[in-house]
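[1] Predicted structure and sequence below. I'll ask about it afterward.
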Amino acid sequence: MSLPDSPSPHTPDAADSPVSRREQIYLVAGRLFSERGYHATSMRDLAAELGIQGGSLYAHISGKEQLLIEIVNRAAAQFDAALFSLRDEALGPQDKLREAMTRHLTVIAENMDSATVFFHEWKHLSAEPLAAVIAWRDGIEAFYRELVREGVQEGVYRADLNVKMAANLVLSSVNWAYTWYRPGGPMSPQDVAVSFERMLLGGLERPEGEA
């Protein structure tokens, strides 16, 4: 689920191949937007990082917002591919929710730059792409509500559970991981998901002996 690697900006392949150069522009823009913020990163900054003239960027992209839109779209597609296939998997409610959390965290861990841009910089989009991101977020929230509701319906989670609030709590916890999780640390995405499950989902489960 990671974005493709691209060659160094100073190699002949990167300079000679429009596809490689375009991909490289997106990768470097993602890193700069993540480190400095969208508004604090200029096209001049991007060109300098790539080792090219500022005007050369416009042979590959129409402008800075195009970069932000593409980074956001790619991140959304990665979450979609990781999560929505779970609907067809034969897992119990708890396992399915735990797996969703693990996959969600894995997308973030494997794509920290684009995840940071996705969760922190999307608000700088203009009206139409902003509306698309909001619609996407509504869809992901609905997906997590489905998972929690399934657990309630099957008697795994408490019958009086507020499904919307529980789903938002789970989703918020995994989304916020981009601010503190560091790949290569002592905890894998699965470790974090299991820890979150123990802390969060224990409050969802029906107590033993409850009718």
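    Received the coordinates, thanks. Owing to the predicted nature of the structure, the values given are computational and were not obtained by experimental measurement.
[2] what domains does the record give for the protein?
    12-63, 66-203 (automatic domain parsing).
[3] which stretch in the ones you listed has the least confidence?
    Looking at the domains of the chain, the lowest mean pLDDT belongs to domain 12-63 (a mean of 83).
[4] so how far is it from its chain's centroid?
    Averaging C-alpha positions (C-alpha atoms, centre = their mean, to the nearest Å) puts domain 12-63 21 Å from its chain's average.
[5] same check, this time on stretch 55-75
    On C-alpha atoms, centre = their mean, the centre of stretch 55-75 falls 18 Å from the chain's centre.
[6] how long is it end to end?
    Distance across stretch 55-75, first residue to last, is 27 Å (C-alpha to C-alpha, to the nearest Å).
[7] do the same with stretch 86-100
    7 Å.
[8] buried set for that stretch?
    Leu86, Pro93, Gln94, Lys96, Leu97, Arg98, Glu99, Ala100 (16 or more other C-beta atoms under 10 Å). C-beta here means a position set from N, CA and C on the backbone, and glycine is covered the same way.
[9] Check stretch 70-83 too.
    Glu70, Ile71, Val72, Arg74, Ala75, Ala76, Gln78, Phe79, Ala82, Leu83.
[10] So which elements touch the longest helix that the chain contains?
    The longest helix of the chain (DSSP state H) is helix 127-153. Packing partners of helix 127-153 (3 or more C-beta pairs under 8 Å, 6 or more residues apart in numbering; DSSP states H and E): helix 64-83, helix 93-110, helix 163-175.
[11] just checking, next helix/strand downstream of the last one?
    Put plainly, it is helix 163-175. helix 189-200 (DSSP states H and E).
[12] contacting residues for the residue nearest to Pro93 when sequence neighbours are not counted?
    Once flanking residues are discounted, Pro93 sits nearest to Gly151: 3.5 Å by C-beta to C-beta, 6 or more residues apart in numbering. Contact analysis of Gly151 by C-beta atoms under 8 Å, 6 or more residues apart in numbering lists Pro93, Gln94, Leu97, Tyr157, Leu204.
[13] residues touching Ala77, list them.
    Contacts of Ala77 (C-beta under 8 Å, 6+ apart): none.
[14] switch to numbering from 47
    With 47 as the first residue, the last one maps to Ala123.
[15] Tell me the spacing between it and Trp168.
    As judged by C-beta to C-beta, to the nearest Å, Ala123 and Trp168 stand 14 Å apart.
[16] cool, Gly101 as well?
    28 Å.
[17] Settle it for me: which of these two has more neighbours?
    Trp168 (22 against 9; other C-beta atoms under 10 Å).
[18] So that one is in contact with Asn119, correct?
    No - using C-beta atoms under 8 Å as the test, Trp168 is too far from Asn119 to be in contact (10.5 Å).
[19] Now for the most centrally placed residue in the chain: which residues touch it?
    Computing the C-alpha centroid of the chain and ranking residues by C-alpha atoms, centre = their mean puts Ala161 first, at 4.6 Å. Going by C-beta under 8 Å, 6+ apart, Ala161 touches Ala121, Val153, Ile154, Tyr224.
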